[in-house]
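**Q** below is the sequence, then the predicted model.
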Amino acid sequence: IKNVILLGATGNLGTEILNALINSGQFTVTIAQRASSSSRPGPKAPSDKFITVNIDDDLSLDSLKAAFRGQHAVIVATRPGDGQSQLRIADAAAATPGMRRVIPADYGSCDSTTARAQELVPIFKRKAEVRARLQSLAEASSSSSSSSSFSWTSIVCGHFFDWGLRENFLHFNLRTRTADILGDGTMRSSTSTLARVAEAVVRVLSPEHEARTRNMIVYVQSFCVSQLDVLRALERATSGGGGGGKEWQAKYIDAEEFIAENKARVEKGETEANEDLVFALGAIDGDWTTREGFAMEMLGLEDEDLDEVVGRVV
C-alpha cells in the first residue's frame, strides 16, 4: 500500500490522521474534499505534502470512483451521516482496480457489533451495515485468492479521550470542575487520544501489519481506565501546585436510569440526547482488553500515561 486517499482530512480526527500519514513517510497522500468546502488542513500538514482532489458535495458514486483511481487504500474520517454515503464509498472503493484496503468511519465510543449499541443509537446500526457491505465486497474479491484483493479494517478506539475532555463529552467539566460518574465509577473502559487512533491507522496500512489486519475489527486504546481514575488524574493536574485550585465535585448517577432517561429524550425528538447515550455506553461497555481483536500487541502499540495525557489537555 503506497497511495492512500483520506476523506474528512480537516476534521478533528482527520487532521491527526493526515499528519500521521505524512510524518510516517510511507505513503503518497491524497485528500478528497467536497467541491464547495473551504476548509483546509491545519498548519502541521503543509500543502506540498499531499494532493487534493475535489468530489461532489453529495459524494456521488461516479465522483468517488474518479477520486479513488490509482489509490491503494481509502481512509474515511468523515461523520457517518445517514450511512448511504458510507455505503457508496465502500462500493466505489471495491470497484477501483488495485484497491487493497478501506478503513471505514467506525472508530469512536462504542463497539458497533453489539445489539445494545445498535438498538439505542442508530449511528451504530449504520456502522454495522457499512461493515457488512465491506465484508461482502471483500468476500467477492477474495475468489481470486490473492493477497492483493480488496479488504477492510475497522479500528474501534473507544471514546476520543482528549477531544472528549475538552468538549465535556466525557462529563468532566474542566471549567466548573464537576463530574458525572456512572455507578460507583469503577467500571473500566478503553479510550484513545486522537493521535493514538491516527497511529493505529498508519500501523494497519504498514507492510508488516497489512496482511494480519485484513477483514477484521482491531480494538485499540491509549489506556483502559475507570471514571474515578480520570477524576483523580484531573484532581492531580488541576490542584494548582499548592492545592489552591477549586476542588472537583462528583455527582454519582445510576447508569441504567441515565440511559433510560436519555432514550426517552431521544424518543421525544431531543436528538442531542444521543450523545449522552453514546457517552454512557462507551463508559459501561467499553473494555477492549477482553475483546477478540484487541490489537495493541499485534500493532506494536503501548498504553499511554493517563496523567501525562490529562496534563496536556488541561
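**A** That came through, no problem.
**Q** okay, now the unreliable bits of the stretch 151-300 of the chain?
**A** For the stretch 151-300 of the chain, applying pLDDT under 70 flags the ranges 240-245.
**Q** now do the helices in it.
**A** For the stretch 151-300 of the chain, the helices defined by DSSP state H, counting those that start in this stretch occupy 161-166, 194-205, 227-237, 255-267, 273-284.
**Q** most packed of these?
**A** Of all the helices of the stretch 151-300 of the chain, helix 194-205 has the most neighbours on average by mean count of other Cβ atoms under 10 Å, namely a mean of 24. Using the backbone N, CA and C atoms, a C-beta is placed for each residue, glycine as well.
**Q** now the strands for the stretch 1-150 of the chain?
**A** 3-7, 28-34, 51-55, 73-76, 101-103, 107-108 (DSSP state E, counting those that start in this stretch).
**Q** the shortest one - contacts with which helices or strands?
**A** Judged by 3 or more Cβ pairs under 8 Å, 6 or more residues apart in numbering; DSSP states H and E, the packing partners of strand 107-108 are strand 151-160.
**Q** if we can go back for a sec, out of the helices of the stretch 151-300 of the chain, flag the one nearest residue 129.
**A** helix 273-284 (17.4 Å; Cβ to Cβ).
**Q** measure residue 183 to residue 249 for me?
**A** 17 Å (Cβ to Cβ, to the nearest Å).
**Q** settle it for me: which of the two has more neighbours?
**A** Between residue 183 and residue 249, counted using other Cβ atoms under 10 Å, residue 183 has the larger neighbour count: 16 against 10.
**Q** residues in contact with the closest residue to the more buried one other than its chain neighbours?
**A** Sequence neighbours aside, residue 255 is the residue nearest to residue 183 in space, at 5.0 Å (criterion: Cβ to Cβ, 6 or more residues apart in numbering). Residue 255 makes contact with 182-183, 280, 283-284, according to Cβ atoms under 8 Å, 6 or more residues apart in numbering.
**Q** picking that back up, Throw the helices of the stretch 151-300 of the chain into CSV and include distance to residue 116, thanks.
**A** What follows is the helices of the stretch 151-300 of the chain, written out as CSV (distance: least, Cβ to Cβ, whole Å):
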stretch, distance to residue 116
helix 161-166, 20
helix 194-205, 23
helix 227-237, 19
helix 255-267, 9
helix 273-284, 7
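**Q** for the ones you listed, which one sits closest to residue 78?
**A** The nearest among those, by Cβ to Cβ, is helix 194-205 at 14.2 Å.
**Q** with only the CA atoms kept, save the closest one in PDB.
**A** Once non-C-alpha atoms are left out, helix 194-205 reads as follows in PDB (Å, rounded to 0.1, in the frame of the first residue of the first chain):
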ATOM      1  CA  LEU A 194      -6.900  11.200  18.500                       C
ATOM      2  CA  ALA A 195      -3.200  10.800  17.900                       C
ATOM      3  CA  ARG A 196      -3.400   7.100  19.100                       C
ATOM      4  CA  VAL A 197      -6.100   6.400  16.500                       C
ATOM      5  CA  ALA A 198      -4.100   8.100  13.800                       C
ATOM      6  CA  GLU A 199      -1.100   6.000  14.800                       C
ATOM      7  CA  ALA A 200      -3.200   2.800  14.600                       C
ATOM      8  CA  VAL A 201      -4.300   3.800  11.000                       C
ATOM      9  CA  VAL A 202      -0.600   4.000  10.000                       C
ATOM     10  CA  ARG A 203       0.200   0.700  11.600                       C
ATOM     11  CA  VAL A 204      -2.700  -1.100   9.900                       C
ATOM     12  CA  LEU A 205      -1.600   0.100   6.500                       C
END
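**Q** with respect to residue 15, which of the contacts of residue 255 is nearest?
**A** residue 283 (25.6 Å).
**Q** gap between the closest one and residue 109?
**A** On the measure of Cβ to Cβ, residue 283 and residue 109 end up 9 Å apart.
**Q** now swap in residue 195 and tell me
**A** 17 Å.
**Q** helices of the stretch 1-150 of the chain, start to end?
**A** Ranges of helices in the stretch 1-150 of the chain, per DSSP H, counting those that start in this stretch, are 12-24, 61-68, 84-94, 115-120, 122-141.
**Q** contacts only, for residue 127.
**A** 80, 83, 104-106, 112.
**Q** tabulate those (JSON lines), appending pLDDT, neighbour count and distance to residue 69.
**A** As requested, the contacts of residue 127 are exported to JSON lines (pLDDT from 0 to 100; neighbours: other Cβ atoms under 10 Å; distance: Cβ to Cβ, whole Å):
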{"residue": "80", "pLDDT": "77", "neighbour count": "20", "distance to residue 69": "24"}
{"residue": "83", "pLDDT": "82", "neighbour count": "18", "distance to residue 69": "24"}
{"residue": "104", "pLDDT": "97", "neighbour count": "25", "distance to residue 69": "20"}
{"residue": "105", "pLDDT": "95", "neighbour count": "26", "distance to residue 69": "21"}
{"residue": "106", "pLDDT": "93", "neighbour count": "26", "distance to residue 69": "25"}
{"residue": "112", "pLDDT": "88", "neighbour count": "24", "distance to residue 69": "30"}
